[in-house]
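Trainee: task: produce atomic coordinates for the following.
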Amino acid sequence: MPTLATDIDEIAQRAADAAPVWAATTPRTRAAAMVAAADALVGAQAELVAIAQEETGLSEARLVGELKRTAVQLRLFADIVVEGSYLDVRIDEADAAFALGTRPDLRRYNIPVGPVLNFSASNFPFAFSVAGGDTASALAAGCPVIVKAHSGHPRLSERTAEIVAAALESNGAPTGIVQVISGQQAGVDMLKDPRISAASFTGSTHVGRMLADIAAARPAPIPFYGELGSVNPAFITRAAVAEDASSLVDGFVASISGSAGQLCTKPGFLFVPVGHNLDSRLVDSAEPIAEHRLLNPGIAEGYRERRDVILGTAGVTPVVEGSLRIDDDGQGWATPTIVRVSASDLLLHRERLIDEAFGPLSVLVEYDDEESLVPLADELFEGNLTGTIHAGSEEDSAPLRSLIGWITRHAGRAVFGGWPTGVAVTLAQQHGGPWPATTNDSSTSVGGAAISRFLRPVSYQDVPQRLLPEPLRDDNPWGVPQERNPAGRSTSWGEAYRTAS
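Mentor: Okay, here's the model as predicted:
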């Protein structure tokens, strides 16, 4: 049932009350609570996976793996909290001989922003939902979380929240640390609530832009971190096709068909050289794949519309036509569809072809020479989460290096010799990119750096030691890294790089 407007105030106030309590917890207390939440999720695996299967149609194996990922990222952030580098502690010692005059004692670190609103995704009912990466990173930063549950898995959302909140609160977290709301209007109303300090979102470009505009139009605007649309172009050179065409085809088909192609990192366009001769291999690899249910009727209808537009566009030739079956309840069941089009026809019909097809469909784009790839990509694509290259094992050329540079400028993750589906949850991951992939291209929603979204810096000037926060004190009771700038150093800044005259 949608959350009532009368309940929004109570939920927001509980989060606001919990914020200073959770922010003040010691690193080990916060980490222990997060690990307890991870353990509780794993302990409830059978119950949660069964609910998720019923509501989403995703396979048991996929959901078990996703639940494991959800627990792992909670544990990763527990380690990050205790290690403490995320606080970015910087200490300038008082300096009477400072190069610009007397310098005060300045101490800077990051503090939690306050209650965070997280809009769940449809396609990851664990890893981008109630206890997913946005929630884990916000909790690690010291922020309570309110989750707007996705309508595609409401019972799973409620049960997950019950398990996670109970584990957190039993291990030192305050009441209201994780709460769930339901319904579109409740999400909008909560986003407008002045007690919400930041928001995160995974979903469509249209809805993400609408929510981002609401966040920006508040009397006191707040940060909004949206992960939106991405077609994730992939490029194969002639040398790569000549070396191992079969492995390339099998990897590509697996990447576009896994979870029925309902992944934000699915390669929606694969650039292949004219004369690639991959058609029969693609058919052999794709045709044995059984049909897979799409997440919900809305996604099934959206996929049907995009697939019909693509198949009905001049110059498009089906390589693997695939199938789409929609039952009486509106649920969709699909097998992979792969089409090909020339680079010139793609440019001519870009308005019909370039948008994301959220499902098991991808477009082969046939190019003439590798020197044309960067100019072609410049005309076709804005920002993406990923860009992928398959090159020969010893290949090194100016076009190849230019293509790597193009991906660096237009995507958050450059993949070489692999496929972009499968996002490692680790310290160095970047899951973001320029618009329209995300609303903030300097942030990531996966990996250790995701915690930075829910922090803001504060400096303390000439504050007595007894009154400083623990991470800024000289005795450093939390044991976090401190970057210290001692007195006397400023007079030698830059001297090591002075050139002889």
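
Trainee: what's the domain layout of this protein?
Mentor: 5-228+443-455, 234-416 (automatic domain parsing).

Trainee: okay, and Ala334 sits in which element?
Mentor: For Ala334, the enclosing helix or strand under DSSP states H and E is strand 332-335.

Trainee: cool, and Phe201?
Mentor: strand 198-202.

Trainee: quick one: average pLDDT of that strand?
Mentor: Across strand 198-202, pLDDT averages out at 97.

Trainee: pull the residues that contact the helix or strand following that strand.
Mentor: For strand 198-202, the succeeding helix or strand toward the C-terminus, using DSSP H and E, is helix 205-217. Contact with helix 205-217 is made by 119, 187-188, 191-192, 199, 201, 221-224, 226-229, 436, 439, as judged by Cβ atoms under 8 Å, 6 or more residues apart in numbering. Where you see a C-beta, it was placed from the backbone N, CA and C, and this is true even at glycine.

Trainee: and the angle for helix 205-217 with strand 198-202?
Mentor: Angle between the axes of helix 205-217 and strand 198-202 is 170 degrees (criterion: axes from the mean of the first three to the mean of the last three Cα atoms, to 10 degrees).

Trainee: and helix 205-217, how far out from the chain middle?
Mentor: The gap between the average C-alpha position of helix 205-217 and the chain average comes to 17 Å, counting by Cα atoms, centre = their mean, to the nearest Å.

Trainee: list the buried residues in the helix or strand containing Pro375.
Mentor: Using DSSP H and E, Pro375 falls within helix 373-380. Neighbour counts using 16 or more other Cβ atoms under 10 Å place 373-374, 376-377, 380 of helix 373-380 among the buried residues.

Trainee: for it, which helices and strands make contact with it?
Mentor: Secondary-structure packing of helix 373-380 (3 or more Cβ pairs under 8 Å, 6 or more residues apart in numbering; DSSP states H and E): helix 343-348, helix 398-410.

Trainee: please identify the buried residues of the lengthiest helix in the chain?
Mentor: When every helix of the chain is counted residue by residue (DSSP state H), the longest turns out to be helix 60-83. Within helix 60-83, the residues that count as buried by 16+ other Cβ under 10 Å are 62-64, 66-78, 80-82.

Trainee: again, but for stretch 175-191
Mentor: If you call a residue buried by 16+ other Cβ under 10 Å, then stretch 175-191 has these buried ones: 176-183, 186-187, 189-191.

Trainee: roughly how far is that stretch from the heart of the chain?
Mentor: Remark: stretch 175-191 is offset 20 Å from the chain centroid, using Cα atoms, centre = their mean.

Trainee: swap in stretch 34-50?
Mentor: Relative to the centre of its chain, stretch 34-50 is centred 22 Å away, using Cα atoms, centre = their mean.

Trainee: pull out the buried positions in it.
Mentor: Buried residues in stretch 34-50, defined by neighbour count with 16+ other Cβ under 10 Å: 34-38, 40-41, 44, 48-49.

Trainee: identify those among those that sit within strands.
Mentor: When the buried residues of stretch 34-50 are checked against strands (DSSP state E), there are no matches.

Trainee: of these, just say which sits nearest to Asp368.
Mentor: Within the buried residues of stretch 34-50, proximity to Asp368 (Cβ to Cβ) peaks at Val49, which comes in at 48.2 Å.

Trainee: for Leu311, grab phi and psi.
Mentor: Taking degrees, to the nearest 10, you get phi -70, psi -30 for the backbone angles of Leu311.

Trainee: re earlier: possible to save the domains of the chain as TSV with distance to Ser490?
Mentor: Putting the domains of the chain into TSV (distance: least, Cβ to Cβ, whole Å) gives the following:
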stretch	distance to Ser490
domain 5-228+443-455	4
domain 234-416	35
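
Trainee: out of those domains, deepest packed?
Mentor: Mean neighbours per residue, mean count of other Cβ atoms under 10 Å, is largest over these for domain 5-228+443-455, with a mean of 20.

Trainee: how long is it end to end?
Mentor: The straight-line separation of the ends of domain 5-228+443-455 (Cα to Cα, to the nearest Å) is 29 Å.

Trainee: enumerate every residue touching Gly183.
Mentor: 1-3.

Trainee: if you set the cut-off to 7 Å instead, what comes out?
Mentor: Gly183 sits next to 2-3 when contact means Cβ atoms under 7 Å, 6 or more residues apart in numbering.

Trainee: so who does Leu376 touch?
Mentor: With contacts defined as Cβ under 7 Å, 6+ apart, Leu376 is in contact with 343, 367.

Trainee: any idea how far it lies from Ser402?
Mentor: When distances are taken as Cβ to Cβ, to the nearest Å, Leu376 and Ser402 turn out to be 12 Å apart.

Trainee: go on, Val188?
Mentor: The separation that Val188 has from Ser402, given Cβ to Cβ, amounts to 44 Å.

Trainee: the helix or strand hosting Ser246 - what's its average pLDDT?
Mentor: Of the helices and strands defined by DSSP H and E, Ser246 is found in helix 238-257. Per-residue pLDDT values across helix 238-257 average out to 97.

Trainee: show me what that helix is packed up against.
Mentor: Taking 3 or more Cβ pairs under 7 Å, 6 or more residues apart in numbering; DSSP states H and E as contact, the helices and strands that helix 238-257 lies on are strand 269-273, helix 279-286.

Trainee: got the ones you listed as a markdown table, with mean pLDDT and distance to Tyr109 columns?
Mentor: Rendered in a markdown table, the data for these read as follows (pLDDT from 0 to 100; distance: least, Cβ to Cβ, whole Å):
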| stretch | mean pLDDT | distance to Tyr109 |
| --- | --- | --- |
| strand 269-273 | 98 | 44 |
| helix 279-286 | 97 | 52 |
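
Trainee: TSV for those, including distance to Ile407?
Mentor: Written out in TSV, the entries for these read as follows (distance: least, Cβ to Cβ, whole Å):
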stretch	distance to Ile407
strand 269-273	12
helix 279-286	24
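
Trainee: ok, which of the ones you listed comes nearest Glu394?
Mentor: Checking the helices and strands packed on helix 238-257 against Glu394 by Cβ to Cβ gives strand 269-273 as the closest, at 17.8 Å.

Trainee: tell me the strands beside that closest one, with direction?
Mentor: Paired neighbours of strand 269-273 in the sheet (DSSP bridges): strand 234-236 (parallel), strand 361-367 (parallel).

Trainee: out of the ones you listed, flag the one nearest Leu278.
Mentor: With respect to Leu278, and counting by Cβ to Cβ, the nearest of the strands paired with strand 269-273 is strand 361-367 at 7.6 Å.

Trainee: quick one: contacts of that closest one?
Mentor: Counting by Cβ under 7 Å, 6+ apart, residues outside strand 361-367 touching it are 256, 261, 267-274, 307, 310, 319, 337-343, 346, 353, 373, 376.

Trainee: 8 Å instead, please
Mentor: Contacts to strand 361-367, defined as Cβ under 8 Å, 6+ apart, come from residues 252, 256, 261, 266-274, 276, 278, 303, 306-307, 310, 316, 319, 322, 336-343, 346, 353, 373, 376.

Trainee: coming back round to it: how far off centre is the strand holding Phe201?
Mentor: In terms of Cα atoms, centre = their mean, the centre of strand 198-202 is set 10 Å apart from its chain centre.

Trainee: which other residues reach it?
Mentor: When contacts are taken as Cβ under 8 Å, 6+ apart, the neighbours of strand 198-202 outside the stretch itself are 113-114, 116-121, 124, 128, 134, 138, 143, 191, 207-208, 211-212, 215, 222-227, 264, 445, 453-454.
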